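**Q** Sequence first, predicted coordinates after that:
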Number of protein chains: 2
Amino acid sequence: MIKIATAQIDVIPGNIRENWKQIEKEIQRAREKGAHMLVLPEMCLTGYLIGDLWDQNAFLRECEAYNKKIAAASRDITILWGSCAIDWEKTNDDGRPRKYNAAFAAAGGHFLIPENGRHPFVIKTLLPNYRCFDDRRYFTSLRQEALEEGLSLEEALTPFLLPAGSETIRTGVLLCEDSWDENYSLSPMSILAKKDISLFLNLSASPFTLGKNEKRHRMLGDALSKLHIPMIYVNQRGLQNNGKTCYTFDGMTAAYDKEGTLIAEARPYEEPRCLFLFHRDSGNLMSEKPMAPFQGRMLLPALRYGVRKFLSAIHVGKVVIGVSGGIDSAVNAALYRSVLPKDHLLLVNTPTRFNSEMTKDLARKLADHLESPYLTIPIGSFIDETARALEGLPVGKEKIHLTGFMKENMQARDRSSRILSALSAAFGGIFTCNANKTEMTVGYGTLYGDLAGALAATADLWKYQIYELGRALNEWYGQEVIPKGIFTVKPSAELSENQDVTKGLGDPLIYEYHDYLLKSFVEPWQRNTPEDILAWYREGTLEEHLGCSVKVKDLFPTHAAFIQDLERWWNLFAGFAVAKRIQAPPLIAISRRPYGYDLRESQAGPYYTDRYLEMKEEMLKVVKGS
Amino acid sequence: MIKIATAQIDVIPGNIRENWKQIEKEIQRAREKGAHMLVLPEMCLTGYLIGDLWDQNAFLRECEAYNKKIAAASRDITILWGSCAIDWEKTNDDGRPRKYNAAFAAAGGHFLIPENGRHPFVIKTLLPNYRCFDDRRYFTSLRQEALEEGLSLEEALTPFLLPAGSETIRTGVLLCEDSWDENYSLSPMSILAKKDISLFLNLSASPFTLGKNEKRHRMLGDALSKLHIPMIYVNQRGLQNNGKTCYTFDGMTAAYDKEGTLIAEARPYEEPRCLFLFHRDSGNLMSEKPMAPFQGRMLLPALRYGVRKFLSAIHVGKVVIGVSGGIDSAVNAALYRSVLPKDHLLLVNTPTRFNSEMTKDLARKLADHLESPYLTIPIGSFIDETARALEGLPVGKEKIHLTGFMKENMQARDRSSRILSALSAAFGGIFTCNANKTEMTVGYGTLYGDLAGALAATADLWKYQIYELGRALNEWYGQEVIPKGIFTVKPSAELSENQDVTKGLGDPLIYEYHDYLLKSFVEPWQRNTPEDILAWYREGTLEEHLGCSVKVKDLFPTHAAFIQDLERWWNLFAGFAVAKRIQAPPLIAISRRPYGYDLRESQAGPYYTDRYLEMKEEMLKVVKGS
């Protein structure tokens, strides 16, 4: 039996030295366990989402030096790891030194060379260049390398023969996307499968999104069952970001048998290391200890991990949260509290006369349940004073006049930029942005106000997911830390009389419909626009396409009302909301299309296609005619 | 003589219908001028920097429909234009419908097909995927297409035979990067040159940066002089953005004769259309009217154009600027005033006791010169009141205490988030962020304070370029609208006694050195890190490498002092400043490495390589030993 250890390193992006320290320990542990081989994830020295650090030559040299350290540490054990390979003699298409996203193997203190290989490493074949992925910005693919060398991919893609004690395994080494080949014209797995290999090893740096792992199990299950080859999948753990968008890496190292069945899986974000037993001749693969595939829900674990890691990455241990008594701030408070000691969280309520006793009570009750310090700082007098200072100031022939709407935004800015900013500095921490994705999508929030903060932990959650997270948190605490009243109160900004929750007034969004409408603008692989929406509405299939349970006819009595609503939100989504998102805080990704660096946006303004305008005209004409 | 008209359309990104209206007029004008052919820029229907609009199928269908409209308009004239071509039967590697960045030609109402072509368009061969460019995210290249079809590029890249009256020209049609082939392993121009063509036509969407056009002239001059083929280059005008980063497109349509000499050039950002005369047999190319190559400086024209276009794109005509009496806000005020009527600009001074009479006078003098409305709104009492409200509030066993540094940031936030935000809303416009690149690089500015605003027009200018722009503005106005005192006063935030300009106190940055140090972290193609800096310092070549005129030894008496300063700014640049840049406003690019979408950053924290740490240890040891 060959013993294969894996270590899903908790990668610190950009910090080669710290990652090496973890790797060094894992090599030692694997040796102590009697493992013949240690498998590490893709880009385990540098991290994967590190922006343009790749154009610092000093960083590349450091990476090379530490690759050598890993190789040197391969006495008595075979090590397989993902890292950057640099060819200083060649260039990428951008003229910079040529870089490969590569898998290295070493044994006996020396780098190994793949069969018929021209380099002491395997080059990633499929370089993803969509969503948050910029692999082609930084790396040259095996496809291009083969083309330049006049080789077919069948020639270029060869097995890695890895010594394991007295035996040798012919392995097919894949880097992440190499196994996600559905949309490509070639399949690295199929090519390697023809080369008499007995095991696939997939080294990944695969950011978590909801549903991703289920998809992976389906996809690899299908592929492996056809190829009859087992696979060990090793993924990074950690939090990495592209500035605006932070991704959790869930680890979840897994083993699939040769029928493609998932037989072992590490729990998300946990279990640093696993040990697998592999019988080369039979192709039998099993884990040393039982590792039942994970069955739970990922939303809460992903966000708790993301928040904890974000705070530790910026070396901050204290957090101030403005709590209004509404669901968004309550969920954020409970979320942060779940990773912080009670005294490291400060909850602040900043009421004006527009805040109801009901929500103020709910906010206090929440703070009581979370056992964190709580302050009430009324801000009405400040707003009035600012208004008095500005109202009537002469500007040319005009005078400054502040409308009610302007005063609403003043309240929001006063809360964040005056109170929470100063308090969090004095408290020695950050303050949070509690926005959700629905608000972010239409810019329902105030810049430098409720859209401010060091992290918008829940800004990739639609409103319905905020409630889901709230329920998951209460379950996690084993009690209703978020009071029931917060789940049932009408969502409202409480910035004016028109948003009085005690009269059932509040946000202009009908979440049961708009959550799904807006999601269809953002998340499908081919994103929808008013043209698609109106066509579905006209043919009566809109609810089905959006996946919402309300009937659109019940919400909008006429075509004109439907169209007016559609254009209102489209104009905001593609208009002012983009400007707001440009200056919004970073968020933690849970969807396949978070804002920031994943959905890349231009401040271009809304556009309506000719077909949309024609349909609209027809529909409004029909109504007028009828 | 063949008459070739060009139109450097003022492209509105994402707005196919409006761009078509311009194109339609240009076709009519070209016809009226008796032109045989009209050449339009790359991506002239859709715009080039439009983020992920490419994954809206409705947008793709609209693009196709308007391509057909252009073709249909080609009665009595040949039209060549850049646009997106879609193959709905195939996919890109991301699984979405296949898109090509393409050049179409039409005559007699029909699309033309290149020689031996398989499509009625030419496909861009070289897809840039660096800096702000994401071509490989969206488009399939001719390289990949040829590979799939089993063709060599020599076979795939063929001339476009374009009818011109009674004649036909064999042209080599290139899309932007196809002519910037220095770093690629192949040269589309060289391949096409072997196919008996008599004219190159380069259709571009090439964002302006300082020095880019000089480089283009050098590069094309070299290439064309070897190939002995003339070229017409047609570029977009307009302002396009990738969210954080706005790029001006300077047009500057140009003609190069067969010796590679630039013989005609449109003035930057102007001259919508040109007319060239081409003699096919001799290869003689000339412009109908004299168009002397542009000799002036681009900095001011680029920024004036950028500001004007940005405001018109967001439909805003009024601007509020906080003016401190310092150079950054003065330059911004003069810049905006140069594109706005005097009553559309509101200048606001918001002093505390830390603001000197000198700077307050300078601010007022600036406003007088610009003849715009001016308000003075002291904010000291507000800061005091906020401090009183927060100081001593109980948090667990502690009490809130605001330090002097915290109160500095409170001033900055009070100015922007309380005063300027409300004033600009009431004034019916936006307020500006007046930051420069030096500040942005090290985060010397306050979030939601001086780093707030709708646009940071000068945030891609190092401090020395701010002064340069100030001088250019005074020249443009023909008088010292920016008073001399503003050029000579010590740069200072005036937020405390320690920044008293009347005592010569101010910013902690030594701009004559730090401008160049920080630039070397950001702008070189291979970016520098402390390792490179310290190595140059040790060998005495730092000033030479940085291009600064001060002597480092005069600034730092010891190695320890030099290293301490280096690490201070590196820690900020790679640390907290990244967090600030994530939430900073959009800027107008003038360099080859603006922040935002061009230099892509991860919030990862500073890193020091082993080699840096070793050098540092050695150098500090030597000092101790000596």
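**A** In hand now; what should we look at?
**Q** looking at chain A, which residue ends up farthest from its center?
**A** A:Lys397 (51.2 Å; CA atoms, centre = their mean).
**Q** Would you list the phi and psi of that residue?
**A** phi -90, psi -10 (degrees, to the nearest 10).
**Q** Report the separation between it and chain B.
**A** From A:Lys397 across to chain B, the span is 8 Å (CB to the nearest CB, to the nearest Å). Every C-beta, even on glycine, is put in place using the N, C-alpha and C of the backbone.
**Q** now do A:Ser152
**A** 11 Å.
**Q** Low-confidence ranges, chain A, go.
**A** For chain A, the stretches with pLDDT under 70 are A:623-626.
**Q** Kindly state the domain boundaries assigned to it.
**A** According to the TED database, chain A comprises the domains A:2-289, A:298-505, A:510-625.
**Q** B:Asp610 is nearest to which of the ones you listed?
**A** domain A:2-289 (6.6 Å; CB to CB).
**Q** Now do that closest one: distance from first to last residue.
**A** End-to-end distance of domain A:2-289 (CA to CA, to the nearest Å): 15 Å.
**Q** So what's the gap between it and the chain middle?
**A** 21 Å (CA atoms, centre = their mean, to the nearest Å).
**Q** The stretch 201-350 of chain A against chain B: which residues are in contact?
**A** A:240-244, A:313-314, A:343, A:346 (CB under 8 Å from any CB of the partner chain).
**Q** mind redoing it with 7 Å?
**A** Within the stretch 201-350 of chain A, the residues that sit near chain B (CB under 7 Å from any CB of the partner chain) are A:240-244, A:313, A:343, A:346.
**Q** Surely A:Arg98 is within a strand?
**A** Yes: per DSSP: H, G, I helix; E, B strand; the rest coil, A:Arg98 lies within a strand segment.
**Q** Enumerate every residue touching it.
**A** The neighbourhood of A:Arg98, defined by CB atoms under 7 Å, 6 or more residues apart in numbering or on different chains, consists of A:86-87, A:90-92, A:140.
**Q** Kindly report the same for A:Lys258.
**A** Here A:Lys258 is in contact with A:224, A:228-230, A:283 (CB under 7 Å, 6+ apart).
**Q** Repeat the analysis, applying 10 Å as the threshold.
**A** Residues near A:Lys258 by CB atoms under 10 Å, 6 or more residues apart in numbering or on different chains: A:198-200, A:224-225, A:227-231, A:282-285.
**Q** Of the residues you listed, grab the buried ones for ChimeraX.
**A** Selection of buried members from the contacts of A:Lys258 for ChimeraX, criterion 16 or more other CB atoms under 10 Å in any protein chain shown:
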select /A:198,199,200,224,227,229,230,231,285
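**Q** that older thread, filter the contacts of A:Arg98 to the buried ones?
**A** Looks like the contacts of A:Arg98 have A:86, A:91-92, A:140 buried, using 16+ other CB under 10 Å.
**Q** For the lengthiest strand in chain A, buried residues please.
**A** Using DSSP state E to define each element, chain A has its longest strand at strand A:78-91. Neighbour-count burial for strand A:78-91 flags A:78-86, A:91 (criterion: 16+ other CB under 10 Å).
**Q** mind saving the C-alpha coords of it as CSV?
**A** C-alpha atoms of strand A:78-91 as CSV (Å, rounded to 0.1, in the frame of the first residue of the first chain):
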residue,chain,number,x,y,z
THR,A,78,8.2,12.5,-2.7
ILE,A,79,6.7,16.0,-2.7
LEU,A,80,4.3,17.2,-5.4
TRP,A,81,3.4,20.9,-5.2
GLY,A,82,1.9,23.7,-7.3
SER,A,83,4.0,26.8,-7.8
CYS,A,84,5.1,29.3,-10.4
ALA,A,85,7.9,28.3,-12.8
ILE,A,86,9.8,31.0,-14.5
ASP,A,87,11.8,30.9,-17.7
TRP,A,88,13.9,34.0,-17.7
GLU,A,89,15.1,33.2,-21.3
LYS,A,90,11.7,33.6,-22.8
THR,A,91,8.9,36.1,-22.4
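**Q** so does that strand get close to chain B?
**A** Yes: shown here: strand A:78-91 in contact with chain B (CB under 10 Å from any CB of the partner chain) through A:90-91.
**Q** wait, A:Pro508 sits on A:Thr438?
**A** No: checked against CB atoms under 10 Å, the pair A:Pro508 and A:Thr438 is beyond contact range at 11.3 Å.
**Q** related to what we said a few turns ago, among the buried residues of strand A:78-91, which one lies nearest to B:Val331?
**A** Once CB to CB is applied, the member of the buried residues of strand A:78-91 that ends up nearest B:Val331 is A:Thr91, at 38.9 Å.
**Q** Tell me how far the closest one lies from B:Met219.
**A** 17 Å (CB to CB, to the nearest Å).
**Q** what number of residues lie near the closest residue to A:Gly47 other than its chain neighbours?
**A** Closest residue to A:Gly47 apart from its sequence neighbours, by CB to CB, 6 or more residues apart in numbering or on different chains: A:Pro13 at 3.1 Å. Neighbours of A:Pro13 under the rule other CB atoms under 10 Å in any protein chain shown: 27.
**Q** Also A:Cys132?
**A** 24.
**Q** and it, how far is that from A:Cys246?
**A** When A:Cys132 is compared with A:Cys246 (using CB to CB), they lie 10 Å apart.
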